[in-house]
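1. I would like to see how this sequence folds:
(one chain, ligands or ions: 1)
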Amino acid sequence: MTFFDPTAYTKRLERLVEVCRNLGKSEDVEHLLQQVVNAACALTGCQYTYLFVYEQETDLLKISAGPVEHRDTLARIRVPVEKSITGTVFQKSRPVTIPNPQSDPRFFRDIERALRYTTQAICAVPLIFRGKTIGVLEAVNKRDRLPFDEDDLLILETLASQAAIAALSTSLMEETRNAYEEAQELEKMKNNFIAIASHELRTPLGLVLGHATFLRELISDDQHRNQVDIIIRNATRLKVIIEELSNVNGFINGSVRYHAKLIHLNDLIQKICAQHKEKAAQNQINLQYILLEQDIQIEGDEEKLSIAVGNLVKNALTFTNPHGHVTVALEMLPGFIQISVDDDGIGIPSHELSKIFERFYQVQSHLTRQHGGMGLGLSVTKSMVELHKGQIWVESMEGKGSKFFILLPIASSSNLDTQVFLR
Ligand code: ADP
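-> Purely as a prediction, here's the structure:
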């Protein structure tokens, strides 16, 4: 017969509260689970306590914490969900107190065999988090062969609720880590594929273009000339795509070369607009530019800046309807040069704005899909702007138009040593 001892009871409660308070401070989940098991063992006064967590891949329960001195042995043991007392607690999600497990047909003996003891009593509670059972906390053999009582159950349940949160956060962390590693692996495969494909396509395409251009010179009749022109035009389009692909890859693997020189910004913008004059005329779009009052030079890679701004102009002309307007403007701001490309075209839905600079991303709408493209232009532009220590962003309203901004630092804080020169 056991007597109620109020002092001992209060002490146990105080200890439980203290343990729970300290558990909240622990950041290392493994350590926290071990603390739960140690506390459960001390507060229930039992021989061993185990914390089982359900393993989805094996459909078994593994021991996440137990007596530390047997950690290696316990790590090898898995408990079946079917035909075990622990498994029943897990499946039914209900606590049990079993005074004589040896005569219970569900009793699973691997643990007592491995640790060489005899199980005389078990008290086990489920680990429940947000209505989902994720494991079991189990105490074995109360000291002096006493039976487990209601207080022991209460202690185990209180500690199990703490452990459940910790165990779940580990499994979530593990899932996130695995998903991240998988994504990294896929990204690597994609980059390798791009690198190989663009490299392998470049040589035959160069030959097609070279020979077609040579043939064009030899052909005198207009009909055949037109046909060769189609070959040249399309092969040139393919060349641009391959160049974009290898540009993107160059930025990713750091192999891109930077050829710095002084760039006359007004000239750069005029040249880019001249290159797009034909497309603007074809699409019946009014393409204009606003230059700086003074001729300002900055140091940078002219070809790359020209591709960056050219992509913005090309997009503006592509996504603007006939009779629309596209304006490329240069503006001097304190410490920066701002280049903007403004259109009154179809605009970009607000929920797409953050994604359009990602590689291969295209706004999924019939209006954009009909223009083809590979979703690479803006990511190339962004990489080239960042190579110049600049920033790029967009303001847009669906149906009203878009304005892309490039901000290039003038200050010599950039490691490119960018400077301003007046002519
Ligand atoms: P693509 O080369 O396929 O056009 P980009 O990376 O240049 O790819 O652009 C990504 C997507 O952003 C485009 O498919 C288009 O949906 C959207 N976009 C870019 N510029 C504009 C613009 N000026 N107006 C409307 N949509 C745009």
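2. rest of the way, CA atoms for contacts and neighbours
-> Fine.
3. residue contacts, the residue in the stretch 251-400 of the chain that the ligand sits nearest to?
-> Going by Cα to the nearest ligand atom, the ligand is nearest to G375 of the stretch 251-400 of the chain, at 3.1 Å. Residues near G375 by Cα atoms under 8 Å, 6 or more residues apart in numbering: I356, E358, R359, F360, Y361, Q362.
4. low-confidence stretches in the stretch 301-423 of the chain?
-> Applying pLDDT under 70 to the stretch 301-423 of the chain picks out residues 364-372, 411-423.
5. who in it is up against the ligand?
-> Residues of the stretch 301-423 of the chain lying close to the ligand by Cα under 6 Å from any ligand atom are 315-316, 319, 345-348, 356, 361-363, 368, 373-379, 402.
6. now with 5 Å?
-> Contact residues, the stretch 301-423 of the chain versus the ligand (Cα under 5 Å from any ligand atom): 315-316, 319, 347, 356, 362-363, 368, 373-378.
7. try the chain
-> Neighbours of the ligand within the chain, by Cα under 5 Å from any ligand atom: 315-316, 319, 347, 356, 362-363, 368, 373-378.
8. which among those residues gets closest to S255?
-> Checking those against S255 with Cα to Cα, the nearest one is L376 at 18.0 Å.
9. contacts only, for the closest one.
-> Residues near L376 by Cα under 8 Å, 6+ apart: E244, L245, V248, E358, R359, F360, Y361.
10. which PyMOL command selects the buried ones in those residues?
-> To isolate the buried ones among these in PyMOL, judged by 16 or more other Cα atoms under 10 Å, type:
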select buried, resi 244+245+248+359+361
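11. out of the residues of the chain next to the ligand, list just those in helices.
-> Counting by DSSP state H, the residues of the chain next to the ligand place N315, A316, T368, G377, L378 in helices.
12. who wins on neighbours among these?
-> Greatest neighbour count in these, by other Cα atoms under 10 Å, goes to A316: 30 neighbours.
13. give me every residue that touches the nearest residue to that residue once chain neighbours are set aside.
-> Using Cα to Cα, 6 or more residues apart in numbering and skipping residues adjacent in sequence, the residue nearest A316 is D343, 5.8 Å away. D343 makes contact with A316, L317, T320, G324, H325, V326, T327, G401, S402, K403, according to Cα under 8 Å, 6+ apart.
14. now, these that are in strands?
-> In strands, defined here by DSSP state E, the members of these are H325, V326, T327, G401, S402, K403.
15. quick one: contacts for the third one?
-> Counting by Cα under 8 Å, 6+ apart, T327 makes contact with L287, Q288, Y289, I290, S340, V341, D342, D343.
16. so which of those is the most crowded?
-> Within the contacts of T327, most neighbours by other Cα under 10 Å means D343, with 28 neighbours.
17. so what's that residue bridging to?
-> Following DSSP bridges, D343 is listed with bridge partners V326, S402.
18. from N286, how far out is it?
-> Distance of D343 to N286, computed by Cα to Cα, to the nearest Å: 10 Å.
19. what do the two both touch?
-> Counting by Cα under 8 Å, 6+ apart, the residues touching both D343 and N286 are G324, H325, V326.
20. list the contacts of the last one.
-> Each residue near V326 by Cα under 8 Å, 6+ apart is listed here: I285, N286, L287, Q288, V313, A316, L317, V341, D342, D343, D344.
21. run through the strands of the stretch 301-423 of the chain in chain order.
-> 325-333, 336-343, 391-397, 401-409, 421-422 (DSSP state E, counting those that start in this stretch).
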